[in-house]
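Participant: I need the structure of the sequence given here:
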Amino acid sequence: MFLLAWQILYTKDFILLPFFLVIWMSMFYYYRNRKYSNTLIKKYFLPALGLRFLGALLTAFMYQYYYGYGDTFFYFFGSRDIYNALLNNPETAFELIFLEHRDWSVNSYNSVTLHGFFANSKEAMVIRLAGIVSPLGLGTYIGTSFALTVFSFLGCWALYRVFYDLKPDLHWPLALAILFLPSMWFWSTGIMKDSIVIGALGFFVNGIYYSLIRKEKKILRSIVFILLGAYLMKNIKIYVLVAIFPATVVWVFFMIKERIKNDTLRKLATPIFFGIGALGGVVVIQQLGSVFSEYTLEGFLEEAAKVQWWLKLSTERDNGTGYDLGVLEPSLGGLIAAFPKAVNVALFRPYPWEATKIIVLPSAAEALFTLGLTIYVFFKVGLLRTLKAIFNDPVVLFCLIFAIIFAFAVGFTSFNFGALARYKIPCLPFYYVAMILLLDKVRKPQKSLPPASTTRTKQVPPIPI
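Facilitator: All right, here's what the predicted structure looks like:
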């Protein structure tokens, strides 16, 4: 625990807190009643949003009064500089938001409290977005945090809408997996990369589904969602986009393949698709490698080795909660050998005995539940039936491809249970959704809700931009 050195919470944050809560909840109370009246999912909307605000408040307290430091401090300082510039010097604000750090004028350069995060493109993106919404929070940490939390929530709601549309009779377990999962409502909030990326991921998947699979009439909205989500993921956490891309391609292909009525064409579709996909993948990797050299295999392994070294060093220095995957060789063989260990640590660890700090206990409890649920699914459904269901259900396959690729990426590079708890949240709802859908395969026949293509289309309208 650190002494209070920097400050993000002030008296005005606590004075304005009730005002922000009333405004946001009132606005979305009206929105919910107008868009989701007489629908099953209406009852989840405001409780899920309220939990996000609670998570934003708790994370603010944690960083201010427990840690006393963190990236969120620097993001807030930068957003506060932009807020002050918006009030006093719009020209400076324009430069801070739209120009690179190296292209600023002297006035803009002198108006910034700390320059380090502005010089890094990923961190600068978070600062700029926080600065843009900071007027909604009157320049306060809590107010700005709530604004970004709303974006995160709406992205998760968009993601929930996709799976609810596919399985309306599973509305409650899907809500638990996406809207009420503790890690989601706690860590995907506040002035952080995670809140923006989680929202972007949800909008991206929603846009893909309603434009390529469901083919809704509001195609422009879906295209905007796809472009917005891809842009934010690419500029903040590109590995999220890299992980969701192959899963999305497989999902879209198999959903389209199911609609081919001719048996011969349907059988030919798979090898043709994989041939084109493999060729296209080689081209994409080559192009990405020439533009983003750090995302080639060699660059990834080298960067991962650096991150591992630093996290191990800082964990030992600060007496943190680290973990070890053993000796890792920066080679393709080393990568393959580390794969199951990395996936295991992301999804099922820390084990209870590894939670040596109170702050890690919630993660340990959630990981233990995830392990227990996984074992239960395999025993309940059966190993062979589970494997068959995975490869026969495009939605389950989509969820697991993304969840496992992403779990490997964060498990392989985090090496600290505290950091891992936050980094792994994008994959958790997808993994839980896959488990829910697998369990649904062995449910006793029961009367289901009307399909999405009939009455429910009228009941649950698309989310507007």
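Participant: didn't L174 look like it was pressed against F163?
Facilitator: Yes - taking contacts as C-beta atoms under 8 Å, L174 lies within contact range of F163: 5.0 Å. Any C-beta I mention is one placed from the backbone N, CA and C, and that applies to glycine too.
Participant: Domain boundaries for this protein, per the record?
Facilitator: According to automatic domain parsing, the chain comprises the domains 11-193, 237-445.
Participant: Between its first and last residues, how far does the shortest one reach?
Facilitator: Using C-alpha to C-alpha, to the nearest Å, one end of domain 11-193 lies 26 Å from the other.
Participant: give the contact list for L86.
Facilitator: 93, 131, 134-135 (C-beta atoms under 8 Å, 6 or more residues apart in numbering).
Participant: Closest to G143 out of those?
Facilitator: S134 (7.6 Å; C-beta to C-beta).
Participant: correct me, but the closest one touches T144?
Facilitator: Yes - S134 is within contact range of T144, at 4.8 Å (criterion: C-beta under 8 Å).
Participant: Spit out the residues that contact those two alike.
Facilitator: In contact with both S134 and T144: S79, using C-beta under 8 Å, 6+ apart.
Participant: the more surrounded of those two?
Facilitator: T144 (31 against 26; other C-beta atoms under 10 Å).
Participant: Quick check: the closest residue to the more buried one other than its chain neighbours vs G199, distance?
Facilitator: Nearest non-adjacent residue to T144, counting by C-beta to C-beta, 6 or more residues apart in numbering: G137, 4.0 Å away. Distance of G137 to G199, computed by C-beta to C-beta, to the nearest Å: 17 Å.
Participant: Compare the two (neighbour count), which wins?
Facilitator: G199 (26 against 22).
Participant: Could you list which residues are in contact with that one?
Facilitator: G199 neighbours (C-beta under 8 Å, 6+ apart): 151-156, 188, 232.
Participant: do that again at 10 Å, thanks
Facilitator: 148-159, 188, 228-229, 232 (C-beta atoms under 10 Å, 6 or more residues apart in numbering).
Participant: same question, V345
Facilitator: 323-325, 338, 351, 354, 367, 407-408, 410-412, 414-415, 417, 420, 424.
Participant: Centre of the chain to the helix or strand harbouring it, how far?
Facilitator: Per DSSP states H and E, V345 falls inside helix 332-348. Centroid displacement of helix 332-348 relative to its chain, using C-alpha atoms, centre = their mean, to the nearest Å, is 21 Å.
Participant: What of stretch 141-155?
Facilitator: For stretch 141-155 - counting by C-alpha atoms, centre = their mean - the centre lies 14 Å from the chain centre.
Participant: and the gap between the residue nearest to T144 and F204?
Facilitator: 26 Å.
Participant: now stretch 206-215, how far from the centre of its chain.
Facilitator: Distance of stretch 206-215 from the chain centroid (C-alpha atoms, centre = their mean) equals 19 Å.
Participant: mean confidence for that stretch?
Facilitator: For stretch 206-215, mean pLDDT is 90.
Participant: start to end distance for that stretch?
Facilitator: Terminal-residue distance, stretch 206-215 (C-alpha to C-alpha): 11 Å.
Participant: picking that back up, in strands only, show me the contacts of V345.
Facilitator: Using DSSP state E, no member of the contacts of V345 falls in strands.
Participant: What subset of those residues is buried?
Facilitator: 323, 325, 338, 354, 367, 407-408, 410-412, 414-415, 417, 420, 424 (16 or more other C-beta atoms under 10 Å).
Participant: for the residues you listed, which one is nearest S121?
Facilitator: Using C-beta to C-beta, the buried ones among the contacts of V345 come closest to S121 at V410, 20.7 Å.
Participant: can you tell me how far that closest one sits from F76?
Facilitator: 25 Å.
Participant: Doesn't N84 lie inside a strand?
Facilitator: No - secondary structure of N84 (DSSP: H, G, I helix; E, B strand; the rest coil): helix, not part of a strand.
Participant: So for the host helix or strand of Y29, what gets flagged as buried?
Facilitator: Per DSSP H and E, Y29 falls inside helix 11-35. Along helix 11-35, these residues count as buried under the neighbour rule (16+ other C-beta under 10 Å): 13, 16-17, 20, 24, 28, 32, 35.
Participant: same question, stretch 359-370
Facilitator: For stretch 359-370, a neighbour-count test (16+ other C-beta under 10 Å) marks 360, 363-364, 366-368, 370 as buried.
Participant: Work out the gap between it and the centre of the chain.
Facilitator: 19 Å.
Participant: contacts for the helix holding Y29?
Facilitator: So helix 11-35 is contacted by 9-10, 39, 41-46, 49-50, 52-53, 57, 60, 64, 136-147, 149-150, 153-154, 460-464 (C-beta under 10 Å, 6+ apart).
Participant: try 6 Å
Facilitator: 45, 49, 140-143, 146, 461 (C-beta atoms under 6 Å, 6 or more residues apart in numbering).
Participant: Looking at those, spot the one nearest I390.
Facilitator: For those, the nearest to I390 is F45 (31.3 Å; C-beta to C-beta).
Participant: which residues sit in contact with the closest one?
Facilitator: Each residue near F45 by C-beta under 6 Å, 6+ apart is listed here: R32.
Participant: Surely it is in a helix?
Facilitator: Yes - counting by three-state DSSP, one finds F45 located in a helix.
Participant: how about the residue nearest to D71 when sequence neighbours are not counted, phi and psi?
Facilitator: Nearest residue to D71 in three dimensions, chain neighbours excluded: M192, at 6.8 Å (C-beta to C-beta, 6+ apart). The phi/psi pair for M192 (degrees, to the nearest 10) reads phi -140, psi 160.
Participant: how near is M192 to L174?
Facilitator: In terms of C-beta to C-beta, M192 sits 25 Å off from L174.
Participant: Could you tell me the model confidence score at V252?
Facilitator: For V252, pLDDT reads 85.
Participant: Now it. Nearest residue, chain neighbours left out?
Facilitator: In space, V252 is closest to L212, 5.1 Å off (C-beta to C-beta, 6+ apart).
Participant: didn't that neighbour look like it was pressed against F253?
Facilitator: No - using C-beta atoms under 6 Å, L212 makes no contact with F253, being 10.0 Å away.
Participant: what sits against the spatially most central residue of the chain?
Facilitator: Residue closest to the average C-alpha location in the chain (C-alpha atoms, centre = their mean): I198, at 2.7 Å. The neighbours of I198, taking C-beta under 6 Å, 6+ apart as the test, are 152, 155, 188.
Participant: out of those residues, which are inside strands?
Facilitator: Those of the contacts of I198 lying in strands (DSSP E): none at all.
Participant: out of these, who has the most neighbours?
Facilitator: Result: S188 is most packed of the contacts of I198 (other C-beta under 10 Å), 32 neighbours.
Participant: For that one, which residues are in contact?
Facilitator: Counted by C-beta under 6 Å, 6+ apart, S188 has contacts 152, 194-195, 198, 425.
Participant: Check what pLDDT the nearest residue to I404 once chain neighbours are set aside gets.
Facilitator: With sequence-adjacent residues excluded and distances taken as C-beta to C-beta, 6+ apart, I404 is closest to V343, at 5.8 Å. Predicted confidence (pLDDT) for V343: 91.
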